[in-house]
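Visitor: Sequence isn't available, so here's the structure alone:
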């Protein structure tokens, strides 16, 4: 132990003696270890940390599956939940819940937040008790009892600055006061990992809080409802497999008892997803793949950092050969020398690891804060180093030390004592054994790995640029977007319709407004609505396999219910037909009309004109073409007065515009009059006659706010921004950009490390070869030929590195191709830019020392003898 | 009367360190004819190596004129000096100064590549030079695989290969034992017999006697010139 401490002291002294080297080494290690710690923290939190509820292995989700169409799943009604809860033989208890978006009233304003309406045993089944106050009482679950009580998250309490009297205080949900009866523990996130709702309310208030997307016509007591998700805690000894037969039997019994409501439904179980609250099973494998990819990238960065440092240590070791030879001559064993060198490496690693840990914590917080700005969900992220994170960081330090210090230590301790004792200080006594190998193979490996990461970064940046430069097809440069949801203020639907009509009139009358329109959704918003559309009068059976619209094939289409001036507000001209009349917008009876886009028109009538034709919403089981949309965000089936099979006349055709960033190709949209698809959550789109400067837009936004307040001061305004700002807040765009940022950080780190590595070895090589350069100059080498010699050697090193890196980049491109946005895995631009950037940067890194070499005075160089 | 190859007139070299002037050479006048074998002798620190550096265009005089092969060279640019070093001067250093990474052949070839000589000519010149010093059989070896005497022979071959106007040897036996030292001195003598002009710096009177003429330097000045009536054979 004492000899280890001696090594430690000596290492400290040696490193303190070379502050330049030590600083560079610590920075290099901090970047490498920091990247790994940050990614480990992310992956550990998402994938490995156990869920925040008791015995998670026992908790499973129950699914209602269509026996005839096994890919189709749906939620449960409250009565079915009661049946499962009381009649099953496999669970010790079951819980039911439903996610709802609601408005939290704060200081006269309304903030949108996610909440969960839960059965009273929700917390007890999960085995987590409130940190303060109590859980819900069984009587609070009774449908329609409307006991206004709520339990809030720790984050909500934090937002209230940890108010001491939180229990018993009031929270305004959708305009109604609720009494807070409990606060959940700090890290509790329900059944999901990281993401958490802010408020839990009992199922007894469901009908009061149900939002647009839950099928508002379905009260909780209805057996046809599909609002609820069910989780069960398996009895001891039960497993997913052994529970299946009993649940299938129970499903059959319920189908017999309720043949219409439970038709073709069977029950299955699967482990609870960490990231999804879906009615369909999800295996989280995408996140696992992403996690593995991120860990792999971080490992490559650490490897590059270690190679970098190994090179520096080897170069530095050359100068220390005499010292090592003296130690060996004095009887020091090789293992003792190796240990001394390893301890020096470990000291560097631990210093780099400490700095890396700080970097990682800062980077994680930045990522969480960036995501938190976009989502109305609480993100529960344990900031600061946890024991697991500290252990992982130390592990990276030890691993790093072995990778970067062991090789040089073994090589340097194999010293030829006699030669080294005679050697001039600083003279390179190594002779290359294999001359065909570039002078610095470790730098070659660094360059190649860096190129692979840099190319991946370039691919992601290209994707982000594509996404940012997306042609929406909309003209939104002179517009403002307002989101309202009167239901969050507790208004009844009839009143909401009146309010929205008044708001529409008030906004249209504002000075400078060219057009204004209400709509149920906004393109690139968090929620997309959709319905399958087919030609009217066709009802293909679920078993039929129609290939064309004429045979009854339905096409998934974006759905929006809009006001009369919607297209004018977006600068879209009708291609054919007409816009909705004011009467059609207000009327939810009489002949149904719709406007469709050209993409849907072409799909439904590829051979002819869709204008004037009849279409219908397809039934749930109708065969339909594959959707081209999807991705992040919430895709919901639109609520509408129109039922499947109701004939709808196509009165207009508009150009195709995009609705989502992740659409493979824009296309397929149906627009109905607002009254036919009324929603509480609406957007008003206003276009002004003239373009306005930012200051003008701020003034106009104030005018819009005042106009809405003048209709009703309590109307919840959820957002008021320009369309560009709305687009900037798009979750899909964030994902693409976050991916690009993440890969750019890794690519940038790798590039920096590679350039530092190239510069380091070349600068060191020039310094070590001063004498040789002096000899060459004495023999008549001109400065230009010395410059060319150093650059040529650098170019060989870079050329080999870039060639290997190019192959690695192709492999990397293939691996990440599924994550790229509208960019090919072998995108020629990315595959050109990355090598050029790396090549140029590395060339400059070679050129600087080469230029220094030309200034070597042969006389001074030769005097070193 | 052989024509003059090296002519120094009033050459002075002053080093300025920490505002203290050190006069390494003061008013050196020197005339070396083509085909002459001159040794420069003197105690350590007398300025003989500085004089050789100036002769080899590795350094410039502070004052005075230097005419090499009929051309004034004291005010030339760095690339011009490099070109003259490459074509007119062959260096032999005390510590051989072979490049460890290059083979014997490549070391000898190096000055010729700087001259831009075609490969075939280079090959002939290198082979000829190595044969002259008796090292042709070691062409593919690395310097570390040779003895000190052999390394100095290779260094001599390198100096010879480009057929320079003058060979400048700085203590060529300083790192060799007496047997190898004698052998190198015999080699230089042999080259001189065949017409080479040699200027050698040495502090060893025994080796200085190999030259036709010995110039004694003390405190940066020529204090004596001694013509050997019977240079050691």
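Guide: Sure, I can see it. Computed from a predicted structure; not experimentally measured.

Visitor: Report how many residues lie close to the residue of chain B found nearest chain A.
Guide: Residue nearest to chain A within chain B: residue B:86 (2.3 Å; C-beta to the nearest C-beta). C-beta coordinates here come from the backbone N, C-alpha and C atoms, glycine included. Other residues near residue B:86 number 25, with proximity taken as other C-beta atoms under 10 Å in any protein chain shown.

Visitor: If you drop the residues flanking it in sequence, what lies closest to it?
Guide: Leaving aside its sequence neighbours, residue B:86 sits nearest to residue A:780 (C-beta to C-beta, 6 or more residues apart in numbering or on different chains; 2.3 Å).

Visitor: in the sheet, who's paired with the residue most central in space within chain B?
Guide: By C-alpha atoms, centre = their mean, chain B has its centre lying nearest to residue B:168, at 1.0 Å. Beta-bridge pairing for residue B:168 (DSSP bridges): residue B:91, residue B:199.

Visitor: Looking at residue A:33 now. What's its pLDDT?
Guide: For residue A:33, the model assigns a pLDDT of 86.

Visitor: is it true that it touches residue A:395?
Guide: No: at 9.8 Å, residue A:33 does not count as touching residue A:395 under the criterion of C-beta atoms under 8 Å.

Visitor: and those two? which has more neighbours close in?
Guide: Remark: of residue A:33 and residue A:395, residue A:33 carries more neighbours, 33 against 15, as counted by other C-beta under 10 Å.

Visitor: What separation do you get for the more buried one and chain B?
Guide: Between residue A:33 and chain B the computed distance is 36 Å (C-beta to the nearest C-beta, to the nearest Å).

Visitor: Name the nearest residue to that residue, ignoring sequence neighbours.
Guide: residue A:356 (3.5 Å).

Visitor: Kindly indicate whether the residue nearest to residue B:86 is helix, strand or coil.
Guide: Following DSSP: H, G, I helix; E, B strand; the rest coil, the label given to residue A:780 is coil.

Visitor: check contacts around it.
Guide: Under the criterion of C-beta atoms under 8 Å, 6 or more residues apart in numbering or on different chains, the neighbours of residue A:780 are B:82, B:83, B:85, B:86, B:87, B:111, B:114, B:115.

Visitor: if you set the cut-off to 6 Å instead, what comes out?
Guide: B:82, B:85, B:86, B:111, B:114 (C-beta atoms under 6 Å, 6 or more residues apart in numbering or on different chains).

Visitor: how about the residue of chain B closest to chain A, secondary structure?
Guide: helix.

Visitor: rewinding a little: which residues are in contact with the residue nearest to the centre of chain B?
Guide: B:52, B:55, B:56, B:89, B:91, B:199.

Visitor: Now tabulate those in JSON lines and tack on neighbour count.
Guide: Listed next are the contacts of residue B:168 as JSON lines, based on neighbours: other C-beta atoms under 10 Å in any protein chain shown:
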{"residue": "B:52", "neighbour count": "20"}
{"residue": "B:55", "neighbour count": "23"}
{"residue": "B:56", "neighbour count": "23"}
{"residue": "B:89", "neighbour count": "26"}
{"residue": "B:91", "neighbour count": "24"}
{"residue": "B:199", "neighbour count": "25"}
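
Visitor: so where's the longest helix in chain B?
Guide: helix B:178-193 (DSSP state H).

Visitor: Identify each buried residue in that one, please.
Guide: B:180, B:181, B:182, B:183, B:184, B:185, B:187, B:188, B:189, B:191, B:192 (16 or more other C-beta atoms under 10 Å in any protein chain shown).

Visitor: can you list contacts of the lowest-mean-pLDDT helix or strand in chain B?
Guide: Least confident helix or strand, chain B: helix B:205-208 with a mean of 82, by mean pLDDT, DSSP states H and E. For helix B:205-208, the surrounding residues in contact (C-beta under 6 Å, 6+ apart) are B:39, B:41, B:173, B:185, B:202, B:214.

Visitor: Which positions in that helix come out as buried?
Guide: Buried residues in helix B:205-208 (16+ other C-beta under 10 Å): B:207, B:208.

Visitor: Whichever helix or strand comes after that helix - which strands sit beside it in the sheet, and in what orientation?
Guide: Note on helix B:205-208: by DSSP states H and E, the next helix or strand toward the C-terminus is strand B:213-218. Strand B:213-218 has its sheet partners listed here by DSSP bridges as strand B:37-41 (parallel), strand B:221-227 (antiparallel).

Visitor: Most tightly packed of these?
Guide: Scoring these by mean neighbour count under mean count of other C-beta atoms under 10 Å in any protein chain shown gives strand B:37-41 as the most buried, with a mean of 24.

Visitor: how far away is the residue of chain B closest to chain A from residue A:740?
Guide: Distance, residue B:86 to residue A:740, by C-beta to C-beta, to the nearest Å: 54 Å.

Visitor: Also residue A:545?
Guide: For residue A:545 relative to residue A:740 (C-beta to C-beta), the value is 41 Å.

Visitor: out of those two, which sits in the more crowded spot?
Guide: Legend: neighbour count by other C-beta under 10 Å for residue A:545 and residue A:740, higher for residue A:740 (23 against 9).

Visitor: per-residue pLDDT, that one?
Guide: pLDDT at residue A:740 comes out at 82.

Visitor: for residue A:112, same thing?
Guide: So residue A:112 comes in at 81 (pLDDT).

Visitor: what does the helix or strand hosting it contact?
Guide: Following DSSP H and E, one finds residue A:112 within strand A:109-118. Around strand A:109-118, the neighbours that count as contacts under C-beta under 6 Å, 6+ apart are A:97-104, A:197-201, A:203, A:206, A:376-377, A:488, A:716, A:718.

Visitor: Buried residues, the next helix or strand after it. List them.
Guide: Next along the chain after strand A:109-118, taking DSSP H and E as the criterion, comes helix A:122-126. Under the neighbour-count criterion of 16+ other C-beta under 10 Å, helix A:122-126 has A:122, A:123, A:124, A:125, A:126 buried.

Visitor: Summarise which helices and strands helix A:122-126 is packed against.
Guide: Judged by 3 or more C-beta pairs under 6 Å, 6 or more residues apart in numbering or on different chains; DSSP states H and E, helix A:122-126 is in contact with strand A:91-106.

Visitor: Which parts of chain B are strands?
Guide: Remark: strands assigned in chain B by DSSP state E are B:4-17, B:20-33, B:37-41, B:63-68, B:71-72, B:89-92, B:166-170, B:198-202, B:213-218, B:221-227.

Visitor: what comes into contact with the second one?
Guide: By that I understand strand B:20-33. For strand B:20-33, using C-beta under 6 Å, 6+ apart, the contacting residues are B:2, B:4-15, B:38, B:47, B:50, B:220-221.

Visitor: just the third one next, same as before
Guide: Contact with strand B:37-41 is made by B:32, B:48, B:192, B:198-202, B:208, B:211-216, as judged by C-beta under 6 Å, 6+ apart.
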